[in-house]
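In: sequence unavailable; structure follows:
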Ligand code: UDP
Ligand code: MG
């Protein structure tokens, strides 16, 4: 029996490349089906992440044109990760395996064959890993590299050069659904789930149309989410810094008391000025980082839904 494969594509304002993407995927699916690699019930699912342009209309058009396409409309822009989860959770009941891929098809769809082979061979998770970053702009390259290095230093072990292009089996997605946290950082979380996994290498292409939907603000939020949802190391580092400074201040207090008794104390404006500023800023930074975690705790205790599905474009 061949695999019922669902492809999940989060789409945020992707009207410029969606038709082209759909045409390429349709061709790919036809070839896979012909080769007996996927079942006829396999589908391509577009998750409209509250797009403000014609994305929703195009998805509906595609859905009407071919039973291969289906769609999920989120009620507002929930972000890439949440759109992905919405897609995975919507697909899991009907699919044997789901592959998530970006709507701009920067990731090579020909890696799907190899992913399927690894799945058939018993892998529950197959990560798509890019060969290099030559197609990225300078800013993206530097920020991405810095981000992954920093994540690693902070104790979150992601798969290097893996974005959200991956295959997951039904049971792996079902396991993922058991994680109750609101702030799901998939790239960090999935490798901790266990299950047999493997990687498939592919080349990244230029974005075929439109611009990156990851604004610098969204990238920053993504990075902070990733770090704070995976590691309490920043808090520990601050505690350690505080402890070391406490030792230093203890020594200097003893020295000052000694100098007071031997009558050597002189009003040292500069040193006090520097110390006050230094400690003040360090404290503010520490409070900020702790606040960041308390903010997460606050959000997590609310157990807010990660997304709302406004409508579905679905055939049984
Ligand atoms: N995306 C989304 N919601 C957002 C931002 C992005 O669903 O708020 C989708 C976007 O449509 C695309 C994928 O996430 O399918 C990756 O975004 P993009 O290609 O713009 O990022 P980049 O490749 O530049 O990192
Ligand atoms: Mg892209």
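Out: Looks like it came in fine. Keep in mind it's a predicted model, so treat the numbers as computed, not measured. Numbering: from 1, shown residues only. Ligands and ions are numbered 1, 2, ... in the order given.
In: who in the stretch 151-300 of the chain is up against ligand 1?
Out: Within the stretch 151-300 of the chain, the positions near ligand 1 by C-beta under 6 Å from any ligand atom are 212, 213, 214. All C-beta spots, glycine's among them, are computed from the backbone N, C-alpha and C.
In: out of the residues you listed, which is nearest to residue 253?
Out: Each of those was checked against residue 253 using C-beta to C-beta; the closest is residue 214, at 49.3 Å.
In: surely residue 201 touches residue 127?
Out: No - counting by C-beta atoms under 8 Å, residue 127 is not a contact partner of residue 201; they are 9.8 Å apart.
In: more neighbours: which of these two?
Out: For residue 201 versus residue 127, the count of surrounding residues by other C-beta atoms under 10 Å is larger for residue 127: 26 against 13.
In: list the contacts of residue 123.
Out: 167, 169, 195, 196, 197, 198 (C-beta atoms under 8 Å, 6 or more residues apart in numbering).
In: if we go to 7 Å?
Out: 196, 197, 198 (C-beta atoms under 7 Å, 6 or more residues apart in numbering).
In: can you list these in CSV and add distance to ligand 2?
Out: CSV is the format used below for these (distance: C-beta to the ion, whole Å):
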residue, distance to ligand 2
196, 29
197, 23
198, 24
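In: among these, name the ones in helices.
Out: Secondary structure from DSSP state H places none of those in helices.
In: secondary structure class for the closest residue to residue 165 other than its chain neighbours?
Out: Sequence neighbours aside, residue 128 is the residue nearest to residue 165 in space, at 3.5 Å (criterion: C-beta to C-beta, 6 or more residues apart in numbering). Using DSSP: H, G, I helix; E, B strand; the rest coil, the structure places residue 128 in strand.
In: equivalent analysis for residue 168, please.
Out: Here residue 168 takes the strand state, with states given by three-state DSSP.
In: residues contacting it?
Out: 97, 98, 124, 125.
In: distance-wise, check it relative to ligand 2.
Out: As judged by C-beta to the ion, to the nearest Å, residue 168 and ligand 2 stand 20 Å apart.
In: tell me the buried residues in stretch 201-213?
Out: For stretch 201-213, burial by neighbour count (16 or more other C-beta atoms under 10 Å) applies to 202, 204, 207, 210, 213.
In: next, count neighbours for residue 104.
Out: There are 23 residues near residue 104, going by other C-beta under 10 Å.
In: scratch that, residue 140
Out: Burial of residue 140 is recorded as 14 neighbouring residues (other C-beta under 10 Å).
In: quick one: which helix or strand includes it?
Out: Element membership for residue 140, per DSSP states H and E: helix 138-153.
In: quick one: that helix to chain centroid distance?
Out: Centroid separation for helix 138-153 versus its chain: 14 Å, with C-alpha atoms, centre = their mean, to the nearest Å.
In: and ligand 2, is that helix touching that?
Out: No - figure legend: helix 138-153 not in contact with ligand 2 (C-beta under 5 Å from the ion); closest approach 9.5 Å.
In: list the buried residues for that helix?
Out: 143, 144, 147, 148, 151.
In: reformat those as TSV; add distance to residue 10 and pLDDT.
Out: Below are the buried residues of helix 138-153 laid out as TSV (distance: C-beta to C-beta, whole Å; pLDDT from 0 to 100):
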residue	distance to residue 10	pLDDT
143	20	79
144	18	79
147	19	80
148	21	81
151	21	79
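In: now the two most distant members of those.
Out: 143 and 151 (12.2 Å).
In: for ligand 2, what's its nearest residue on the stretch 201-316 of the chain.
Out: residue 207 (5.2 Å; C-beta to the ion).
In: chain neighbours aside, what residue packs nearest to that residue?
Out: residue 104 (4.7 Å).
In: got it, and residue 306?
Out: Distance criterion C-beta to C-beta, 6+ apart; nearest residue to residue 306, sequence neighbours excluded, is residue 82 at 4.7 Å.
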